[in-house]
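Undergrad: My questions concern the predicted model and sequence given below.
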Amino acid sequence: MTNTSTLHAGSQAQQHADRFGRKVAARLSASTQELPYEVTERLRAARIQALSRRKVSSQAPALVRVGSTAALGSGDDQVSWWNRIASVVPLLVLAGGLVFISYFQSERRASELAEVDSALLTDDLPPAAYADPGFAQFLRKGAGKR
């Protein structure tokens with residue numbers, strides 16, 4: 001694609017956006033006769049403020065051809081690299097968060113198991129007593145009498 005056809009495509013897109021904006025403005029303006037005077041004046045003042053703050057872009061997006069596909073872009077390779085880096089950063093943060101959560105969960109589980117083990121080993125009963133089905137019945141009957 002040549003520069004002239006790229007500029008032509010950009011100007012067509014701008015014309016299309018301008019046409020769409022005019023249609024929306026016409027629809028909004030059509031129903032303003034029904035509004036009270038105070039509201040219409042506030043809307044007019046807001047429109048003037050918005051137009052004064054409007055920033056005109058210095059470089060319209062150009063149609064960039066890469067291989068057999070075309071895409072809208074600025075054509076600036078440095079900006080493209082920054083966009084790629086910025087799109088990878090959230091993925092890295094997500095992966096780091098998942099690793100941290102996994103590590104935290106495994107540490108918590110290990111500390112819970114250590115507490116159970118230390119309670120079993122420091123108790124007066126041997127650990128085999130807890131596995132005995134008769135002991136479980138003894139505990140149920142004993143707990144009911146007390």
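TA: Nice, thanks for sending it over.
Undergrad: separation between the residue most central in space within the chain and Ile101?
TA: Centroid-nearest residue in the chain, with Cα atoms, centre = their mean: Pro90, separated by 8.7 Å. According to Cβ to Cβ, to the nearest Å, Pro90 stands 16 Å off from Ile101. C-betas here are computed from N, CA, C, even on glycine.
Undergrad: re the thing from before, what about the residue nearest to the centre of the chain, which helix or strand?
TA: Per DSSP states H and E: Pro90 is located in helix 77-122.
Undergrad: Show me what that helix is packed up against.
TA: helix 127-131 (3 or more Cβ pairs under 8 Å, 6 or more residues apart in numbering; DSSP states H and E).
Undergrad: lowest-pLDDT helix or strand in this structure?
TA: strand 69-73 (a mean of 50; mean pLDDT, DSSP states H and E).
Undergrad: Domain ranges for this protein, per the record?
TA: With automatic domain parsing as the criterion, the domains of the chain are listed as 3-75, 76-146.
Undergrad: Confidence-wise, which of those is weakest overall?
TA: Sorting those by mean pLDDT places domain 3-75 lowest, at a mean of 71.
Undergrad: What about Ala110, how many residues nearby?
TA: 10 (other Cβ atoms under 10 Å).
Undergrad: what do you get for the one 10 residues further on?
TA: Counted with other Cβ under 10 Å, residues neighbouring Leu120 total 13.
Undergrad: shouldn't it be in contact with Tyr130?
TA: Yes - using Cβ atoms under 8 Å, Leu120 makes contact with Tyr130 at a distance of 7.1 Å.
Undergrad: where's the residue nearest to the centre of the chain relative to Trp82, distance?
TA: From Pro90 to Trp82 the distance is 14 Å (Cβ to Cβ).
Undergrad: in which helix or strand would I find Asp124?
TA: Applying DSSP H and E, one finds Asp124 in no helix or strand.
Undergrad: typed the wrong thing, it's Asp18
TA: Judged by DSSP H and E, Asp18 forms part of helix 3-30.
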